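Enquirer: need a structure here:
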Amino acid sequence: MKKIVLVLFIALFSVNAYAQFEDPEIHKVEHSERSQFEQRFSDISWTGQGLYNPTTIDRIPTVELRSRLQAVFGDPTQKIGDLINERNFRPGKAVQFEYWFIIDEEMPLMILDLDGPFENGLVYVGASRYIDMMPQVKRVLNRMLMNESEELEPFSDYFYSPERDQWYLVEYQDGEFVHEAIDRPGNFN
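Expert: Model (predicted):
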C-alpha cells in the first residue's frame, strides 16, 4: 500500500513540476467580451507586482509595441475612442489602448498604455493572487511580441495628453509612426 501511495505522490508531483514550465495559454478578450470579463473579475485585487522585471519590451517605444500587439493579438480590447461618447467620459483619465487577457482560463491580465505614444514600454497589471505566475507570463509576452511579430502592423488610435491639453492621432501607416496634434475627435458611434 505504501508503494502505491508513493507512486501516486511522485506521479502527481512530476505532473505539477512539468506544468509550471509550460507556456501559459493566453486568450485575448475581444471588444465584445468586455462586460463578461468585468463581471467575472469584478472582485479582483489588481497589482503590477511580479511584472516589474525589465524585459526588452519595456525599453521599446510604446507606438512600436502597439504595432507589435496589433500583429500578434489584433485590435485592442478597448481604446479611448470606445469611451469618448460616454456620459462621464474624462479624457485625462482615459487610456489610449488596453489589451485584456485571460491566462490559463483563470488569471486576468491587462496591458495598458497609461503614458501615451511619447514614452517607452507599457503598464502590466494582473490579479494579486497570481503573482507567482506573472514573471513567466511576461517572459512569454516578451517572446511573442519580439519573435512572433516580425512585421509591424498598421493601427490608428487617439490619445489625449492632459499635460499638453492636446488630442493626438497616433498611427503606424506605410512604415511610419505619426503623432499628429488634432482637435477633439468627433462622434465615434
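Enquirer: so Gln39, which of the three states?
Expert: With DSSP: H, G, I helix; E, B strand; the rest coil as the basis, the three-state label of Gln39 is helix.
Enquirer: Return the residues in contact with it.
Expert: Shown in contact with Gln39 (C-beta atoms under 8 Å, 6 or more residues apart in numbering): no residues. Where you see a C-beta, it was placed from the backbone N, CA and C, and this is true even at glycine.
Enquirer: Looking at it now. What's its pLDDT?
Expert: On pLDDT, Gln39 comes in at 97.
Enquirer: Likewise for Leu8?
Expert: The model's pLDDT for Leu8 equals 38.
Enquirer: do Asn189 as well
Expert: The confidence metric pLDDT takes the value 46 at Asn189.
Enquirer: try Glu151
Expert: As predicted, Glu151 sits at a pLDDT of 80.
Enquirer: Can you get me a residue count around the nearest residue to Asp183 once chain neighbours are set aside?
Expert: Excluding the flanking residues, the one nearest Asp183 by C-beta to C-beta, 6 or more residues apart in numbering is Trp167, at 6.6 Å. Here the count is done by other C-beta atoms under 10 Å, and Trp167 has 18 residues near it.
Enquirer: and the helix or strand harbouring Trp167, average pLDDT?
Expert: Assessed by DSSP states H and E, Trp167 sits inside strand 166-173. Rounded to a whole number, the mean pLDDT of strand 166-173 is 95.
Enquirer: for the next helix or strand after it, packing partners?
Expert: Tracing the chain past strand 166-173, the next element assigned as helix or strand by DSSP H and E is strand 176-182. Under the contact criterion of 3 or more C-beta pairs under 8 Å, 6 or more residues apart in numbering; DSSP states H and E, strand 176-182 touches helix 62-73, strand 166-173.
Enquirer: Of all those, which one is nearest Arg143?
Expert: helix 62-73 (10.4 Å; C-beta to C-beta).
Enquirer: Pull out the buried residues from that closest one.
Expert: 62-73 (16 or more other C-beta atoms under 10 Å).
Enquirer: Find the nearest non-adjacent residue to Phe118, please.
Expert: Using C-beta to C-beta, 6+ apart, the closest residue to Phe118 is His179 (7.1 Å).
Enquirer: Now do the SS call for the residue sitting nearest the centre point of the chain.
Expert: Centroid-nearest residue in the chain: Ile111, 2.3 Å away (criterion: C-alpha atoms, centre = their mean). Assigned by three-state DSSP, the conformation of Ile111 is strand.
Enquirer: Tell me the bridge partners for it.
Expert: Counting by DSSP bridges, Ile111 is bridged to Tyr99, Tyr124.
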